[in-house]
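# Pasted the sequence and its predicted model underneath.
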Amino acid sequence: LTLGTIYTPGTALPTGNLNLGNATVTLNAGTTVTVGNGKSLITSGTVNANTTAAITGGTWTIDGGTVDLFAMDGSTITANTSVTDPAILTNTFSGIFPASNASNFTVANGGTVTIPSGYTLKVNNTGTFTVDAGGVIADADDTGTLIFAKNGTVTNNGSLTVNSIQADAGVGNTVTYAGSGTNSGALAVVTGTLTLRADFSVSSATIAVGATLNTTSSYVLSVSGTLTNNGTLAADPRITYNGAVEQTLLNFIGYLNLTINNAAGVVASGLSSILNTLSLVLGQLSGAAANITLGAGATISRSGGSID
């Protein structure tokens, strides 16, 4: 089945739904797939995009099958509205994705890509990946995973609200996170390097053996849970502990800036040093006298909280 434009506003199809079954669907250049409000377009076969496709309207559902809208280099996929079971973005369902592909994906203002319960959305294109202001990637029930496997930049000016975010670009590769958007969930740097060129807030952060997290000394990693380093936390990190229950400070020599903003307190149980500023906003930093040293010229800024 080769598509130019599909339009299902509910009048062309009395049921408002179109199920293409296991058909191979090819979206030609300039294709727009419009699904009427509250209607469904369901595919379970192979889906390819040649150049540019816009997903608009109601709900596009990928029900298994091999789905790759990045099949052709130079493809651009734009989600302007709700997209469910987002194998349209990568081959999440089949587990196959062409790493050399130079296609682009944008979640536009007002667009939402929803990761279904228990599924993983893997971003592995070499083209652009952008969430515009007003765009959203979210999971259905706090069980979804978003994997950045691309060797390049992910730009988020909208919202990423998923249970787990992973950086898994491979040994020697770097995922760069940029933009002015918001995010939540647990962070795991699995392979390669995650470079932050934007502030990043997570419920927890884990750096695996052989992996690297680089905050580039200009951006803040805020952690409301546990920060675990089994790999490399690059030099001069700016870290904020802002949990609701007591947290344990990661032992690290060379924090650039460390901020304590947790009413339940943060415990320093091993040796750490601070090169620039220790900021006390809320709660007590326990064990600091015995375990934390300040570098030459480092200062303590206090708007609240205390040191024990």
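The structure has been received and is ready for your questions.
# in a helix, that's where residue 289 is, yeah?
Yes: according to DSSP: H, G, I helix; E, B strand; the rest coil, residue 289 belongs to a helix.
# hang on, it packs against residue 308?
Yes: assessed by C-beta atoms under 8 Å, residue 289 is found in contact with residue 308 at 7.0 Å. Heads up, the C-betas are built off the backbone N, CA and C, glycines and all.
# can you tell me the distance between the two ends of stretch 218-238?
Using C-alpha to C-alpha, to the nearest Å, one end of stretch 218-238 lies 7 Å from the other.
# So for that stretch, what gets flagged as buried?
By neighbour count with 16 or more other C-beta atoms under 10 Å, stretch 218-238 contains the buried residues 219-225, 227-229, 231, 233-234, 236-238.
# from those residues, which single one is nearest residue 173?
Nearest to residue 173 among the buried residues of stretch 218-238 is residue 231, at 14.3 Å by C-beta to C-beta.
# check contacts around that closest one.
Shown in contact with residue 231 (C-beta atoms under 8 Å, 6 or more residues apart in numbering): 189, 207-213.
# Neighbour-wise, which one of the residues you listed leads?
Ranked by neighbour count under the definition other C-beta atoms under 10 Å, the contacts of residue 231 are headed by residue 189 with 28 neighbours.
# How about the contacts made by it?
Residue 189 neighbours (C-beta under 8 Å, 6+ apart): 166-167, 205-208, 211-213, 231.
# Then residue 304?
Residues near residue 304 by C-beta under 8 Å, 6+ apart: 280-282.
# what stretches of the stretch 101-250 of the chain score poorly on pLDDT?
The stretch 101-250 of the chain contains residues with pLDDT under 70 at 101-104, 116-118, 125-127.
# Kindly provide the distance from residue 297 to residue 278.
Here residue 297 is placed at a distance of 13 Å from residue 278 (C-beta to C-beta, to the nearest Å).
# can you check residue 202 too?
Separation of residue 202 from residue 278 (C-beta to C-beta) stands at 21 Å.
# Equivalent analysis for residue 257, please.
In this view, residue 257 and residue 278 are 8 Å apart by C-beta to C-beta.
# now swap in residue 286 and tell me
Taking C-beta to C-beta, one finds residue 286 at 14 Å from residue 278.
# go on, residue 106?
Counting by C-beta to C-beta, the gap from residue 106 to residue 278 is 41 Å.
# Any idea how far apart the tips of stretch 299-308 sit?
17 Å.
# same deal with stretch 169-178?
End-to-end span of stretch 169-178 (C-alpha to C-alpha): 16 Å.
# Could you check that stretch and say which residues are buried?
169, 173-178.
# what sits up against it?
148-156, 167, 191-198, 200, 210.
# Is it possible to mark the buried ones in those?
Buried, going by 16+ other C-beta under 10 Å: 148-156, 167, 191-198, 200, out of the contacts of stretch 169-178.
# Neighbour count for residue 297 and residue 278, which is higher?
residue 278 (20 against 7).
# Isn't that one up against residue 293?
No: using C-beta under 8 Å, residue 278 makes no contact with residue 293, being 10.5 Å away.
# rewinding a little: adding distance to residue 137 and secondary structure, write the contacts of residue 189 out as a markdown table.
Formatted as a markdown table, the contacts of residue 189 follow (distance: C-beta to C-beta, whole Å; DSSP: H, G, I helix; E, B strand; the rest coil):
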| residue | distance to residue 137 | secondary structure |
| --- | --- | --- |
| 166 | 14 | strand |
| 167 | 15 | strand |
| 205 | 19 | strand |
| 206 | 21 | strand |
| 207 | 23 | strand |
| 208 | 23 | coil |
| 211 | 22 | coil |
| 212 | 24 | strand |
| 213 | 21 | strand |
| 231 | 26 | coil |
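# Tell me which residues touch residue 136, please.
Residues in contact with residue 136 (C-beta under 8 Å, 6+ apart) are 107, 111-113, 158-159, 161.
# Out of those residues, grab the one that's most surrounded.
Going by other C-beta under 10 Å, residue 107 tops these with 28 neighbours.
# one step back: can you list the contacts of residue 304 in a markdown table and add neighbour count, secondary structure and distance to residue 119?
Converted to a markdown table, those look like this (neighbours: other C-beta atoms under 10 Å; DSSP: H, G, I helix; E, B strand; the rest coil; distance: C-beta to C-beta, whole Å):
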| residue | neighbour count | secondary structure | distance to residue 119 |
| --- | --- | --- | --- |
| 280 | 21 | strand | 42 |
| 281 | 17 | strand | 38 |
| 282 | 16 | strand | 37 |
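# Perfect, I'm done here.
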